[in-house]
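**Q** with the sequence up front, the predicted model follows.
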Amino acid sequence: MSLFVYIIMLIAGIVILARGHGKGHPIQYDFDGLPNLLGACSVAAASHANLPNIIPLIQNKTYLGQGILALFIFITLLYIVISLLVIFTFENSAIQSIVVLNFADCSVIPIMVFIYLLGLYTTFKVSAVFPLNAVTLTENLFVIFSHVPYARNSVVHKVVFPLLTLIPPIAVAFATNNIEMIVGITGSYTMMVIQYIITPVLVHFSRKDVDEKFGKDIQIKHASPFQHKFWIIITLIYAVLALTAVTILYIMNKH
């Protein structure tokens, strides 16, 4: 469904620009939007969370690295093309936080079925993903606090943990409808910490544990090409610099 929606937006944007009806006049740069850009990039990069569900289904993993690289290149090019189409098709002030809603306009796409599909796409996607994320977060909380005696109580497991998962997003939904701010903050901080701090630390300790159990001379046929500790260090440095820069920019923007 996602690919179908992207195809609709691509065709609509190309048709509008080909007819000379594009209204976009993008500026060369705007540093005020850098925090939200970093946040959006972090959220977009979180798509790799789907890879663990795809990789086990691939029986021949000889060219797995090349396949994942090709996938990320394709996704990056798709984002770039969509972004360029949007900024040249619509006026800067008219571009909505959820870009797909710009295309859900009768003057852009006159076919009613496509209009409803684009308008409800985000709702369908979030509605499908949210229960899965909620269940995953609930189980993660259970695992984290499993050593606490009361955590194994059925009421705590079935009521308290699910509520701890559901209350924060519901509170945010009632507090604001500024999607740009939500994506910027969650991407710039939460996703940045998860992807560029927690993950490298887990990789470091998992490799250390493997070395202790199997020895350092073990050969892994499809091992990652980023085995050196340099990549972990550079990732942590990038995370610290990015978080610092984003925080400074947010403070400067408020003043």
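**A** Thanks, I have it.
**Q** CA only for contacts and neighbour counts going forward, please
**A** OK.
**Q** which residues does residue 224 contact?
**A** Residue 224 makes contact with residue 65 under the criterion C-alpha atoms under 8 Å, 6 or more residues apart in numbering.
**Q** on the three-state scheme, it is what?
**A** coil (DSSP: H, G, I helix; E, B strand; the rest coil).
**Q** for it, give me phi and psi.
**A** Note on residue 224: backbone dihedrals following degrees, to the nearest 10 are phi -70, psi 140.
**Q** what ranges does the stretch 1-150 of the chain have for its helices?
**A** Under the criterion DSSP state H, counting those that start in this stretch, helices of the stretch 1-150 of the chain are mapped to 2-18, 34-45, 51-54, 64-89, 100-103, 112-144.
**Q** those: which one's closest to residue 164?
**A** Residue 164 sits nearest to helix 112-144 of all the helices of the stretch 1-150 of the chain, at 8.0 Å, using C-alpha to C-alpha.
**Q** which neighbouring elements make contact with the helix or strand following the closest one?
**A** Using DSSP states H and E, the next helix or strand after helix 112-144 towards the C-terminus is helix 154-155. Applying 3 or more C-alpha pairs under 8 Å, 6 or more residues apart in numbering; DSSP states H and E, one finds that helix 154-155 contacts no other helix or strand.
**Q** still on that earlier bit, confidence-wise, which of the helices of the stretch 1-150 of the chain is weakest overall?
**A** Ranked by mean pLDDT, those bottom out at helix 51-54, with a mean of 60.
**Q** report the secondary structure state of residue 218.
**A** Counting by three-state DSSP, the backbone at residue 218 sits in coil.
**Q** can you get me a residue count around residue 200?
**A** For residue 200, the neighbour count with other C-alpha atoms under 10 Å is 19.
**Q** and for it, nearest residue in space, chain neighbours not counted?
**A** Closest residue to residue 200 apart from its sequence neighbours, by C-alpha to C-alpha, 6 or more residues apart in numbering: residue 232 at 5.5 Å.
**Q** element containing that neighbour?
**A** helix 229-254.
**Q** dump the helices of the stretch 1-150 of the chain to TSV, plus distance to residue 153 and mean neighbour count.
**A** Shown next, in TSV, are these (distance: least, C-alpha to C-alpha, whole Å; neighbours: other C-alpha atoms under 10 Å):
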stretch	distance to residue 153	mean neighbour count
helix 2-18	40	15
helix 34-45	34	20
helix 51-54	31	9
helix 64-89	42	15
helix 100-103	44	20
helix 112-144	10	14
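**Q** of all the ones you listed, which lies closest to residue 26?
**A** helix 64-89 (6.1 Å).
**Q** that closest one packs against which elements?
**A** Using 3+ C-alpha pairs under 8 Å, 6+ apart: helix 64-89 touches helix 2-18.
**Q** one more time with 6 Å, if that's ok
**A** Based on contacts counted as 3 or more C-alpha pairs under 6 Å, 6 or more residues apart in numbering; DSSP states H and E, there is no element that helix 64-89 packs against.
**Q** picking up where we left off before, could you dump the helices of the stretch 1-150 of the chain to TSV with distance to residue 249?
**A** Formatted as TSV, these follow (distance: least, C-alpha to C-alpha, whole Å):
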stretch	distance to residue 249
helix 2-18	32
helix 34-45	7
helix 51-54	33
helix 64-89	23
helix 100-103	27
helix 112-144	29
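**Q** and residue 228, which of these is closest to it?
**A** Comparing the helices of the stretch 1-150 of the chain by their distance to residue 228 (C-alpha to C-alpha), the top pick is helix 64-89, with 16.8 Å.
**Q** residue 85 versus residue 10, what's the distance?
**A** 7 Å (C-alpha to C-alpha, to the nearest Å).
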